[in-house]
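**Student:** Return atomic coordinates for the entry below.
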Amino acid sequence: MKGIPISALLGLFFTVLYFAAAILAPWIAPYGMSEIVGDVWEPASTQFWLGTDNLGRDLLTRLIYGGRNTIFVASMATALSFSLGAILGFSAAVYGGWVDQALARFNDLVMSIPTLIFALVVLSVMPVTLTVLILVMGLLDSTRVFRLSRAVAVDINVMDYVEAARLRGEGQRWVIFREILPNALSPLVAELGLRFIFAILFISTLSFLGLGIQPPEADWGGIVKENREGIVYGIPAALWPAVAIVTLSISVNLVADWVLNRTTSLKGGRGA
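**Tutor:** Prediction:
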């Protein structure tokens, strides 16, 4: 893969590895997700590569299925936040006037409430399902995407090639999706990596606090919570999911930085 820096290759390798493990979890996991196969907190061995957890379940299996759930929720929430935030941000910049003011002020109102507290309040009164988690995380995170996409679109909206499109008689939808979106890809790609990392950390935090993915389903934050008491006794069961979170976060960031560098030429747009 000529031309790709080592850092991007490493990031791409681990990112693909984690996503592949998530997709193939039912076929590569040594045991069932909730199957008790040994004693509590057994050390690593040829039978249990990472040992067992607080209930005697295979820790490697839990990590694989935990990654599947964590990555799925984070990916869906990120897709929702970007779809909603970018479309509303571009629309606010293009339409302007009261539409821009209404969307911007509502966005500021939601952003003024701490995200974690907002999520905890909502999830404490609603059933904690994967759909609810994705909706809550996606809607809250869309405010950050809205702010960035609006700021970028405001600058692009006054470019000569956008004015030329309007003079040709193109509608607002054309301007948003054919003129602004392609020329806003560079900052949005960088933000995409950051938002995905934030979603990974957010769902892990919610699960650690007991309002994320619910047992017996596995996820990385929940595995840390279940095995945190073992740290006092020198048992590393809670550290493995933490390592997985850190590794995936760094890997995605390295890939996003590389993609950003490759798409930098888009910043100037067709008017450059």
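**Student:** List the buried residues of stretch 209-216.
**Tutor:** Neighbour-count burial for stretch 209-216, with 16 or more other Cβ atoms under 10 Å as criterion, is recorded at 211, 212, 213. Glycine gets a C-beta too; all of them are placed from N, C-alpha and C.
**Student:** who are the neighbours in contact with the spatially closest residue to the last one that is not a sequence neighbour?
**Tutor:** Put plainly, it is residue 213. Counting by Cβ to Cβ, 6 or more residues apart in numbering, residue 213 lies nearest to residue 219, which is 4.2 Å off, once chain neighbours are set aside. Shown in contact with residue 219 (Cβ atoms under 8 Å, 6 or more residues apart in numbering): 66, 69, 70, 73, 203, 204, 207, 212, 213.
**Student:** Closest one of the buried residues of stretch 209-216 to residue 39?
**Tutor:** Residue 39 has its nearest neighbour among these in residue 213, at 25.5 Å by Cβ to Cβ.
**Student:** separation between the residue nearest to residue 213 and residue 259?
**Tutor:** Distance of residue 219 to residue 259, given as Cβ to Cβ, to the nearest Å: 27 Å.
**Student:** likewise residue 22?
**Tutor:** With Cβ to Cβ as the criterion, residue 22 and residue 259 are 21 Å apart.
**Student:** And for residue 242?
**Tutor:** 26 Å.
**Student:** surely residue 203 meets residue 211?
**Tutor:** No. If you go by Cβ atoms under 8 Å, residue 203 and residue 211 don't touch, sitting 10.2 Å apart.
**Student:** Quick one: end-to-end distance for stretch 150-164.
**Tutor:** End-to-end distance for stretch 150-164: 21 Å, by Cα to Cα, to the nearest Å.
**Student:** Equivalent analysis for stretch 223-233, please.
**Tutor:** 17 Å.
**Student:** list the buried ones in that stretch?
**Tutor:** 223, 224, 225, 226, 227, 230.
**Student:** Same check on stretch 128-138?
**Tutor:** In stretch 128-138, counting by 16+ other Cβ under 10 Å, buried: 128, 133, 134, 135, 136, 137, 138.
**Student:** Redo those as JSON lines? Include pLDDT, secondary structure and distance to residue 4.
**Tutor:** Output for these, formatted as JSON lines (pLDDT from 0 to 100; DSSP: H, G, I helix; E, B strand; the rest coil; distance: Cβ to Cβ, whole Å):
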{"residue": "128", "pLDDT": "86", "secondary structure": "coil", "distance to residue 4": "40"}
{"residue": "133", "pLDDT": "93", "secondary structure": "helix", "distance to residue 4": "34"}
{"residue": "134", "pLDDT": "94", "secondary structure": "helix", "distance to residue 4": "32"}
{"residue": "135", "pLDDT": "94", "secondary structure": "helix", "distance to residue 4": "36"}
{"residue": "136", "pLDDT": "93", "secondary structure": "helix", "distance to residue 4": "36"}
{"residue": "137", "pLDDT": "94", "secondary structure": "helix", "distance to residue 4": "31"}
{"residue": "138", "pLDDT": "93", "secondary structure": "helix", "distance to residue 4": "31"}
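**Student:** Now the two most distant members of those.
**Tutor:** So, the buried residues of stretch 128-138 by Cβ to Cβ: farthest apart are 128 and 138, at 15.2 Å.
**Student:** quick one: residue 103 and residue 88 touch, right?
**Tutor:** Yes. Look at residue 103 against residue 88 with Cβ under 8 Å: they come within range, at 5.8 Å.
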